[in-house]
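what's the 3D shape of this:
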Amino acid sequence: MPRTLEGQITMEKTPSYFVTKEAPARISSMCKGTKLIVVVRDPVTRAISDYTQTLSKKPDIPTFESLTFKNRTTGLIDTSWSAIQIGIYAKHLENWLLHFPIGQILFVSGERLISDPAGELGRVQDFLGLKRIITDKHFYFNKTKGFPCLKKAEGSSKPHCLGKTKGRTHPDIDQEVVQRLRDFYRPFNMKFYQMTGQDFGWD
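Numbering: from 1, shown residues only. Sure thing, here's the model as predicted:
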């Protein structure tokens, strides 16, 4: 990674950091003052999205419903399946709070990033101590994708939208399974809201 010059901010993005047990200690030992930004979304939607991405690469995997449960009859959720495990945000956050104060972590709502990208990015700019430059005028909503897109990417004359892997149509999931997952995640979500001081409105 190149050295950061005065007046610059170095950013690095690795989605798996938040759920990797060793990451907080390693990052803290490298730089205790690191600011962390975590984008979270409804864990049920996140799990279905995770499954959809895997399905696009491996069309012969078992159904979402069969992977969700250790025992479908008793309704026991398989928390060892990564698609489920990642969404237990409170558990992962506990590990980070052993190494970083909560004030050094910004939680960005994945839902608001879609419905109000400028508002959420305003919070990011404030958190990083940057002047608010990105506003509503930088975005338009792409109906085909179902996501906001940048009107013009830096150094380009063309708009920039999320890649092909984003905005895929999710498979139809049995609503009973969706409800069972909502019930499963509810206590973890409530704990996460308490820990972050933010109600993400998932249910």
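
quick one: residue 140 is in a strand?
Yes: the assignment for residue 140 is a strand, going by DSSP: H, G, I helix; E, B strand; the rest coil.

my guess is it meets residue 160, correct?
No: Residue 140 lies out of contact with residue 160 (CB atoms under 8 Å); the separation is 10.9 Å. C-beta: built from backbone N, CA, C; applies to glycine.

shared neighbours, the two?
residue 149 (CB atoms under 8 Å, 6 or more residues apart in numbering).

For the protein, give the helix that spans the most residues.
Looking across the chain with DSSP state H, the single longest helix is helix 175-196.

pLDDT of it, averaged?
What helix 175-196 shows for mean pLDDT is 97.

List the buried residues of it.
By neighbour count on 16 or more other CB atoms under 10 Å, the buried set for helix 175-196 is 177-178, 180-181, 184-185, 189, 191-193, 195-196.

okay if I get those as a markdown table plus distance to residue 60?
Formatted as a markdown table, these follow (distance: CB to CB, whole Å):
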| residue | distance to residue 60 |
| --- | --- |
| 177 | 20 |
| 178 | 23 |
| 180 | 25 |
| 181 | 23 |
| 184 | 27 |
| 185 | 28 |
| 189 | 32 |
| 191 | 37 |
| 192 | 34 |
| 193 | 38 |
| 195 | 39 |
| 196 | 39 |
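
Nearest to residue 148, out of the residues you listed: which one, please.
residue 196 (23.7 Å; CB to CB).

Strands of the protein, start to end?
36-40, 69-71, 76-77, 105-109, 139-142, 147-150 (DSSP state E).

Before I go, just wanted to say thanks for your time.
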